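Asker: Need coordinates for the following:
(one chain, ligands or ions: 2)
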Amino acid sequence: MIDELAGNQELTACSREVCRCTLMGPSRGEVYCSETCRKADEDGIESETCACGHPPCDER
Ligand SMILES: [Zn+2]
Ligand SMILES: [Zn+2]
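Answerer: Residues are numbered from 1 along each chain as shown. Ligands and ions are numbered 1, 2, ... in the order given. Okay, here's the model as predicted:
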């Protein structure tokens, strides 16, 4: 969903594709909702579900 990443919205979606979380507050360049997502992307882990544990991603 590229349109969600464009513009100057205060809410930023997590950069992990499978993650549905939204980053709250000042991002300070942060693009992941959690270390879980950051590591998953850095490690190139491909998955259909996000394991960050936040409610938006907790549904199976
Ligand atoms: Zn997530
Ligand atoms: Zn995330």
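Asker: Could you look up the SS state of the residue nearest to residue 45 when sequence neighbours are not counted?
Answerer: In space, and not counting its chain neighbours, residue 45 is closest to residue 39: 7.8 Å by CB to CB, 6 or more residues apart in numbering. Glycine gets a C-beta too; all of them are placed from N, C-alpha and C. Using DSSP: H, G, I helix; E, B strand; the rest coil, the structure places residue 39 in helix.
Asker: Tell me both backbone torsions, phi and psi, for the residue nearest the centre of the chain.
Answerer: Most central in the chain under CA atoms, centre = their mean is residue 14, positioned 2.1 Å from the mean C-alpha point. Dihedral angles of residue 14 (phi, psi; degrees, to the nearest 10) stand at phi -60, psi 140.
Asker: Number the residues from 51 up from this point.
Answerer: In the new numbering, first residue 51, that becomes residue 64.
Asker: can you pull the contacts of it?
Answerer: Contacts for residue 64 were tallied using CB atoms under 8 Å, 6 or more residues apart in numbering; they are 70-73, 81-84, 87, 100, 102.
Asker: low-confidence ranges in this protein?
Answerer: The chain contains residues with pLDDT under 70 at 51-60, 75-77, 109-110.
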